[in-house]
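1. Let me see the structure of the following:
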Amino acid sequence: QSALAQSYTLSLVARANATGSSVFNLSTGMTINDATPDVNDGGVAAFRVTTNTADFATGIVVGNSASTRLVYTAPAGAIVSDPSINAGGRVVYGVQQGNGMRAYEVSTQAEGLYSLGLPGTTAWEGTRTDNSGRTVYRATVGGGRAIDLYNPATGNTTRLVAQNTLDASSPFNFIFNPAISANGTVAVKLQRGTSTSADEVWVYPPGGATPLRVAAETGAASPGVFTTIDNGVNVNDSGQVVFAGTLASTGQRGVYVVDGINPPRTILDQANGVSIALFTPDINNAGDVGFRGAGGNTAAIFVGDGSGIAQPLVVVGQPIATDLGDTSFTGFLQNPRISDAGQIVFGTTLAAGGRGIFVASLPASGCDTIDFNANGVFPEDQDVIDFFTVLAGGACSSCNDIDFNNNQVFPEDQDVIDFFTVLAGGEC
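-> Numbers count the residues shown, from 1 in each chain. Predicted coordinates:
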């Protein structure tokens, strides 16, 4: 079912005031960066923080509304990319100034160097990982940039495309940060030549299949249908790419989905009285899109799938319950992200002061996830132990309720049967 047709519940993952003296789910002294968080299908979020206000070191925090963990602190002065988390709980991020890509595993709590990429690489920007751990990034090599893909299964790094300063045969003068889907489909915006109206969006299918140009601006050598295409793109397993831009035929700035075959699908444009913010929208495998915009003068995060007018998920001024009591949103941080399970993670500024990270979740439909204790590790024996603990009336603050099949009847034998059915890989 489309996210557009459903209501969401909001949960606070973390909060900190401007000095870190008042925090929720973080250590005292931490503050939340104005950056893009990520969330996986299990509802586990990953985001950037400043670990303290003395030396302003950047850290990576991973967790959910029950608990979080500081998994990495960068060297003083090092720039850290926004983290990317996959369905299995692998978190990948680039640490600039020659430090390479690093990874954290939720299941083992292990953190370490992931890859240095190809020889000569000095920066790893826009790191994004798929469900196999393959990670795409924009590599800086000497005076040029390239899109490289690291495969942990083989230890090999493949160069997908490079600027003409690195590859004389390349027609591309500039390369923007890439995106990758759960199955390893890569999308990136490329600038051909020096013209600012000749940008193109390309998709690189997994397994080395032939790349496909899916969109272009009207000034491209083979003209496209967009007057402008914003720099940031995202992609799903079907090769559907989402971005904000202006469609030449209508002159309307909007959020569009393209696949290189069908006409662009409009998620929302200015004809609906909404201004589209200069931030990157995201798309999941259901075709649902989350993005920032404003209705009138009220900033909001929207969700839609193109089947109707996209609706605001949250708006500035909206009341929200936090650990401090009721407050409201006063603004948003960078880009929202949407998981394939439909959760939307976003950062916000709060009327009570400081910033927060929230996850918006769809109502339960069918059975709950097998990650019963919501620790981001599944399947595992601890989920079974915690399930029977709660069934017996025990406490587990991070666990789902005992109505596993969400039929509003509990406790009942069917919940137990359905739990073990899903644990064994069956459907509910």
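
2. Would you map the strands across the stretch 51-200 of the chain?
-> Per DSSP state E, counting those that start in this stretch, the stretch 51-200 of the chain carries strands over the ranges 58-63, 68-73, 84-85, 90-95, 100-105, 110-115, 121-129, 135-141, 144-151, 156-162, 172-175, 179-180, 186-192, 199-204.

3. Of all those strands, which one comes closest to Ala221?
-> Nearest of the strands of the stretch 51-200 of the chain to Ala221, taken as C-beta to C-beta: strand 186-192 at 6.5 Å. Yep, even glycine has a C-beta here, placed from its N, CA and C like the rest.

4. ok, back up a step: of all the strands of the stretch 51-200 of the chain, which lies closest to Thr31?
-> Closest among the strands of the stretch 51-200 of the chain, using C-beta to C-beta: strand 58-63, at 10.2 Å.

5. Identify the residues contacting the closest one?
-> 13-14, 25-26, 30, 33, 44-51, 68-74, 78-80, 83, 85, 91, 93, 104, 106, 376 (C-beta atoms under 8 Å, 6 or more residues apart in numbering).

6. Weed out the non-buried ones from the residues you listed.
-> Buried subset of the contacts of strand 58-63 (neighbour count, 16 or more other C-beta atoms under 10 Å): 13-14, 25-26, 30, 33, 44-51, 68, 71-72, 74, 80, 83, 85, 91, 93, 104, 106, 376.

7. What segments of the stretch 301-428 of the chain are helices?
-> Taking DSSP state H, counting those that start in this stretch as the test, the helices found in the stretch 301-428 of the chain are 381-391, 413-423.

8. Can you show me the CA trace of the helix or strand where Val214 lies as PDB?
-> In this assignment (DSSP states H and E), Val214 forms part of strand 212-216. Coordinates of the C-alpha atoms in strand 212-216 are reproduced here as PDB (Å, rounded to 0.1, in the frame of the first residue of the first chain):
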ATOM      1  CA  LEU A 212      21.300   4.200 -19.200                       C
ATOM      2  CA  ARG A 213      20.700   8.000 -19.500                       C
ATOM      3  CA  VAL A 214      17.300   8.500 -17.800                       C
ATOM      4  CA  ALA A 215      17.000  12.400 -17.900                       C
ATOM      5  CA  ALA A 216      18.800  15.400 -19.300                       C
END
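
9. what about the very next helix or strand once past it, distance to the chain center?
-> The first helix or strand that comes after strand 212-216 along the chain, using DSSP H and E, is strand 226-229. Averaging C-alpha positions (C-alpha atoms, centre = their mean, to the nearest Å) puts strand 226-229 24 Å from its chain's average.

10. Check the model's average confidence along strand 226-229 for me.
-> Regarding strand 226-229, the rounded mean pLDDT is 98.

11. picking up where we left off before, include distance to Asp305 when you put the strands of the stretch 51-200 of the chain into a markdown table, please.
-> Shown next, in a markdown table, are the strands of the stretch 51-200 of the chain (distance: least, C-beta to C-beta, whole Å):
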| stretch | distance to Asp305 |
| --- | --- |
| strand 58-63 | 29 |
| strand 68-73 | 31 |
| strand 84-85 | 23 |
| strand 90-95 | 28 |
| strand 100-105 | 32 |
| strand 110-115 | 34 |
| strand 121-129 | 22 |
| strand 135-141 | 25 |
| strand 144-151 | 28 |
| strand 156-162 | 29 |
| strand 172-175 | 29 |
| strand 179-180 | 18 |
| strand 186-192 | 18 |
| strand 199-204 | 20 |
